[in-house]
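**Student:** Following is a predicted model, sequence given first.
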Amino acid sequence: MTELFWLTDAQMERLKPFFPLSHGRPRVDDRRVLSGIIFVNRNGLRWRDAPPAYGPPKTLYNRWVRWSRMGIFARMLKVLAEQACDPSTVMIDATHLKAHRTAASLRGKKGAAGRLIGRTKGGLNSKLHALADAKGRPLNLYLSAGPTSDYIGARALLPSMPKAQVLLADRGYDADWFRDALAQRDIVACIPGRQTRKILITHNAALYRQRHKIENAFARLKDWRRVATRYDRCDDIFLSACALAAMVIFWL
């Protein structure tokens, strides 16, 4: 029992405001179920292999899917990050997450959208785009298929970008429209220019080296096995796994 993960009283108090109202029969123990959900996602287990201390696996799975589709875990990440972030400097980056064969279905149900899985040199994978604060802690996440351009992720995350002084990004985000959008928000772009530019764009190299913090954050997220390898076929469920990991690691 000692090696199992259990949410503390202080952590439960911070999470309670996000719990949906219970209609009809009261929910079973929230601490037990949420602790089990975190344990399964962190260790990459099948739901049927969850330790008996967390209760019936079906209860864990049903709660996980229902709350994921309600956006509960994404809301936890967004609100907790807003309450404690350091927005003086923001960073944006993306990483690839390999899709397991159980998730690698390029086609969804008939008439449905794709599952945000695409083929790259590394095989079938998804791409996780992240916006982070000055300490590299994720503020918001966006999921796309593997071959998706960094520009798409930048365009999706731009509306949620907090008021900041500087944005750090690699040259994959060097686009005139993105620099203009940052300038309109009074944010200085610390982004190396592409080598194909006719006019050289300089950047603060000393400040740019701080960008390693968001790469470190991706490495810590990938310590969670159901994030490092995508087992979930549904993109909203997998994005919830990424949001849950980011929330527990950095904000809870």
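**Tutor:** Looks like it came in fine. Residues are numbered from 1 along each chain as shown.

**Student:** Which other helices and strands does the lowest-mean-pLDDT helix or strand in the chain contact?
**Tutor:** The helix or strand of the chain with the poorest confidence is strand 118-120; it has a mean of 89 (mean pLDDT, DSSP states H and E). Counting contacts by 3 or more C-beta pairs under 8 Å, 6 or more residues apart in numbering; DSSP states H and E, strand 118-120 packs against strand 123-132. The way it works is simple: take the backbone N, C-alpha and C, and place the C-beta from them, glycine included.

**Student:** helices and strands around the strand it packs on, which ones?
**Tutor:** strand 89-99, strand 118-120, strand 138-145, helix 150-157, helix 212-221, helix 235-246.

**Student:** For it, buried residues please.
**Tutor:** By 16 or more other C-beta atoms under 10 Å, the buried positions in strand 123-132 come out as 124-132.

**Student:** cool, stretch 227-243 as well?
**Tutor:** Under 16+ other C-beta under 10 Å, the buried positions of stretch 227-243 are 227-233, 235, 237-243.

**Student:** what does stretch 31-44 give?
**Tutor:** 32-42.

**Student:** Need the contact partners of it.
**Tutor:** Residues outside stretch 31-44 that contact it (C-beta atoms under 8 Å, 6 or more residues apart in numbering): 4-7, 12, 15, 27, 45, 47, 49-51, 53-55, 59-60, 63-64, 223-229, 231, 241, 244-245, 248.

**Student:** Next: stretch 244-252.
**Tutor:** In contact with stretch 244-252 (C-beta under 8 Å, 6+ apart) are residues 11, 14-15, 37-38, 41-42, 73, 76-77, 80-81, 84, 130, 137-138, 141, 217, 220-221, 224, 227.

**Student:** mind checking the end-to-end distance for stretch 219-231?
**Tutor:** Start to finish, the residues bounding stretch 219-231 are 18 Å apart (C-alpha to C-alpha, to the nearest Å).
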